[in-house]
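J.: with the sequence up front, the predicted model follows.
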Amino acid sequence: MSETWDRWVGVTVDGRYPLQRYLGGSDHSAVFLSESAEANPAAIKLISADAVDAERQLQRWHATRELTHPNLIRIIAAGRCELDGTRLLYVVEEYAEENLSQILPERALTAEEARTMLAPVLRALQFVHGRGFVHGHVQPSNIHAIGEQVKLAGDTVCVPGEKIDRATAASAYDPPEAAAAAGAISAAGDVWQLGVTLVEVLTQHLPAWDRTRPSAPEIPAAVPEPFREIAGRCLQFDAGKRWSVAEILNRLETAPLAAKPVVPATAESSKDASASAIAEPRKTAAKWPYILGLMAVVLLAIFFIARPTPSNTPEEQATQPQPGAAAENSQPARNVTQPSPPAGGHEDASANPHEGEVVQRVMPKVAPSAQRTIQGTIKVRVKVDVDAAGNVVDAKFESAGPSKYFSRLAMEAARGWKFSPATAGESGSRAWKLQFAFSRARTEASAVRAKP
């Protein structure tokens, strides 16, 4: 099936949802980039409609479409389709670029970051449980970021009491009761999975546990308080002794933190990192700066994705306040789009005879929390094609740099640049090379006219 999935790129599902890019999957399911009237971009998941529980899965998706919470990924649509004679189920959801499992190969979260991640996940679980459902798959790969919110995946939500799928019961996140013949999905099972996840994000390792013995996993000494106590309460062998989500949330909100140091990697040390899709996380430690920016919620802003907005005038661009950021960032900041010093190998503005042709610069809007994580300088080069009126009509990377977060900001900013109209005798599009340089102190941009 993995080869079949990729061949369907370009096909439209149900006449409404185009399969624009294959994001990843397995023999049993696939996820594509798509779009819908409710969300653009969107993600669409396809699974076989021939599975024994296919009808029940479709009913779950229809039922959970009514669940709306800021920390739960929204289900937009679900239904049946047929592609090249293959019967499938599909579910359309909000699109998230990154998930928490992509950070863990690089480093563990700090105590502050763990609190920032955990609070919205708990609120989502509390909402799901309060509506009579359970999640069933609480784990790092299902903790995503969309815009300014950390969100829990919504397509796995199901009804308590459903039998655990024997095909997936061996998951390292499943509670001990999953091994029983009558094992069923429950809110207490979600709490167990949360405890496993919490240990993993703070240590980069799953808790050591012998499933053949009726005992709880050992919580590593490296797990700081209050997470050590919370994990211990979650990972009780007896499901009836585990804390509820409300009890965990109360403990999290009232307990002080014991900080856990983290040694960051530099941006310059990862120049050779290759770009990756969601299903293919990077092997380099340079990824953490933009993921930190991606997660902005409550205190620091982890996983924060900020989208640059074209300025109302050629001179300035407004920056929106960052929810949950520190007090120093509580007021809107102004991002002036005046000419910048040279960055990297680009020419100095005074030495560039075409510099005066830049009519409007849109600077990338970097979350302050993400900018504080930069070590050295991250450089992104974008080549843009400009029409006769001076508008950017196409843009592509010449060098995307080591960070997907900063490269995306640079690309979105580049599309908003404007140049002077073509002069008499010029025909066709013109090309410009833009370079954006991100450092902890500032963001710089320079432009040179590409040679014909």
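T.: Alright, I've got the coordinates. Predicted model only: the values in this text are computed from it and were never measured. Residues are numbered from 1 along each chain as shown.
J.: check the gap between A153 and C81 for me.
T.: Using CB to CB, to the nearest Å, A153 is found at 21 Å from C81. Just so you know, the C-beta spots here come from the backbone N, C-alpha and C atoms, and that holds for glycine as well.
J.: neighbour count: the two, which is higher?
T.: A153 (21 against 18; other CB atoms under 10 Å).
J.: would you confirm that that one contacts I73?
T.: Yes. Judged on CB atoms under 8 Å, A153 makes contact with I73 at a distance of 5.4 Å.
J.: shared neighbours of those two, which are they?
T.: Residues touching both A153 and I73 (CB atoms under 8 Å, 6 or more residues apart in numbering): H144.
J.: quick one, phi/psi of the residue nearest the centre of the chain?
T.: What sits nearest the mean C-alpha location of the chain, by CA atoms, centre = their mean, is E98, with 2.6 Å. Note on E98: its backbone torsions stand at phi -140, psi 160 [degrees, to the nearest 10].
J.: pLDDT score assigned to R307?
T.: Looking at R307, its pLDDT is 38.
J.: what do you get for R74?
T.: 90.
J.: show me the contacts for the residue lying closest to it once chain neighbours are set aside.
T.: Nearest non-adjacent residue to R74, counting by CB to CB, 6 or more residues apart in numbering: E94, 5.1 Å away. E94 makes contacts with A39, A42, A43, I73, R74, I76, I146, K151, as judged by CB under 8 Å, 6+ apart.
J.: likewise for A188?
T.: Contacts of A188 (CB under 8 Å, 6+ apart): P175, E177, A239, G240, R242.
J.: count of neighbours near the fourth one?
T.: For G240, the number of neighbouring residues by other CB under 10 Å comes to 6.
J.: and it, that one's in a helix?
T.: Yes. Under the criterion used here (DSSP: H, G, I helix; E, B strand; the rest coil), G240 sits inside a helix.
J.: distance check, the residue lying closest to it once chain neighbours are set aside against S215.
T.: Leaving out its chain neighbours, the residue that sits closest to G240 by CB to CB, 6+ apart is A188, at 7.4 Å. Distance of A188 to S215, computed by CB to CB: 17 Å.
J.: report the beta-bridge partners for A447.
T.: Counting by DSSP bridges, A447 is bridged to L434.
J.: how close does it get to A395?
T.: The spacing between A447 and A395, counted by CB to CB, is 13 Å.
J.: which one of the two is surrounded by more residues?
T.: Using other CB under 10 Å, the more surrounded residue of A447 and A395 is A447, with 25 against 19.
J.: residues near K396, how many?
T.: Around K396 there are 11 residues (other CB under 10 Å).
J.: who's in contact with it?
T.: Applying CB under 8 Å, 6+ apart, the residues near K396 are V382, K383.
J.: confirm that it sits in a helix.
T.: No. K396 is assigned strand when assessed by three-state DSSP, not a helix.
J.: who does it bridge with?
T.: Where K396 sits in a bridge, its partners, by DSSP bridges, are K383.
J.: list the buried residues in the strand or helix carrying R80.
T.: Taking DSSP states H and E as the criterion, R80 maps to strand 75-83. For strand 75-83, the neighbour count (16 or more other CB atoms under 10 Å) marks I75, I76, A77, A78, G79, C81, L83 as buried.
J.: that strand packs against which elements?
T.: strand 42-48, helix 54-64, strand 86-94 (3 or more CB pairs under 8 Å, 6 or more residues apart in numbering; DSSP states H and E).
J.: now the second one: mean pLDDT?
T.: Computed over helix 54-64, the mean pLDDT rounds to 86.
J.: and that helix, what does it pack onto?
T.: strand 42-48, strand 75-83, strand 86-94.
J.: okay, the ones you listed in a markdown table with distance to T116 next?
T.: Formatted as a markdown table, those follow (distance: least, CB to CB, whole Å):
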| stretch | distance to T116 |
| --- | --- |
| strand 42-48 | 24 |
| strand 75-83 | 25 |
| strand 86-94 | 20 |
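J.: for these, which one sits closest to R56?
T.: Closest approach to R56 among these (CB to CB): strand 86-94, 10.7 Å.
J.: list the neighbouring strands of that closest one plus their orientation.
T.: Applying DSSP bridges, strand 86-94 is found paired with strand 42-48 (antiparallel), strand 75-83 (antiparallel).
J.: what's the following helix or strand after it?
T.: Using DSSP H and E, the first helix or strand after strand 86-94 is strand 98-99.
J.: give the next helix or strand downstream of that next one.
T.: helix 111-130.
J.: output the contacting helices and strands for that next one.
T.: strand 149-152, helix 187-203, helix 227-234, helix 245-254, strand 295, strand 302-303.
J.: least reliable of the ones you listed by average pLDDT, please.
T.: Minimum mean pLDDT among these: strand 302-303, a mean of 36.
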